[in-house]
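Chemist: give me coordinates for this.
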Amino acid sequence: MDANGAKLLAVRIRTGVSVGMRIELVRDPGDESGLRAGDRGVVYQVDEHGRVIVLWDRGFESELDPESTPFQRLAA
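Modeler: Coordinates of the predicted model:
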């Protein structure tokens, strides 16, 4: 594994999610994203900065910061 791969692995471990995992927002993120508590989606990507990109069931894609946006992992 190269240095970039190791960095991305560390980010995924820190965020607690992996690509393909289903998540649900626990409460509104408090921004202008249009997301609301109860929204569900699939993790599409975790970038090198720790932001989680999600394909939401309501038909759009957005990123969230797992440090400030509470979510829970759903069973597969």
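
Chemist: can you tell me the SS state at L9?
Modeler: With DSSP: H, G, I helix; E, B strand; the rest coil as the basis, L9 sits in helix.

Chemist: tell me who's in contact with it.
Modeler: M1 (Cβ atoms under 8 Å, 6 or more residues apart in numbering). C-betas here are computed from N, CA, C, even on glycine.

Chemist: do you know how far it is from R36?
Modeler: 31 Å (Cβ to Cβ, to the nearest Å).

Chemist: likewise I13?
Modeler: Taking Cβ to Cβ, one finds I13 at 28 Å from R36.

Chemist: in the lowest-mean-pLDDT helix or strand in the chain, what counts as buried?
Modeler: Within the chain, no helix or strand scores below helix 3-15, which has a mean of 77 by mean pLDDT, DSSP states H and E. By 16 or more other Cβ atoms under 10 Å, the buried positions in helix 3-15 come out as L8, V11, R12, T15.

Chemist: what do you get for stretch 26-42?
Modeler: Here stretch 26-42 shows P29, L35, D39, G41 as buried, counting by 16+ other Cβ under 10 Å.

Chemist: same check, this time on stretch 60-73
Modeler: S62, L64, P66, T69, F71.

Chemist: which of these fall in helices?
Modeler: Within these, no residue falls in helices by DSSP state H.

Chemist: give me the pLDDT value at E24.
Modeler: Note on E24: pLDDT of 95.

Chemist: please enumerate the strands of this structure.
Modeler: 22-25, 40-46, 52-56, 61-64, 71-73 (DSSP state E).

Chemist: tell me the mean pLDDT for the last one?
Modeler: So the one you mean is strand 71-73. 91.

Chemist: brilliant, that's me finished.
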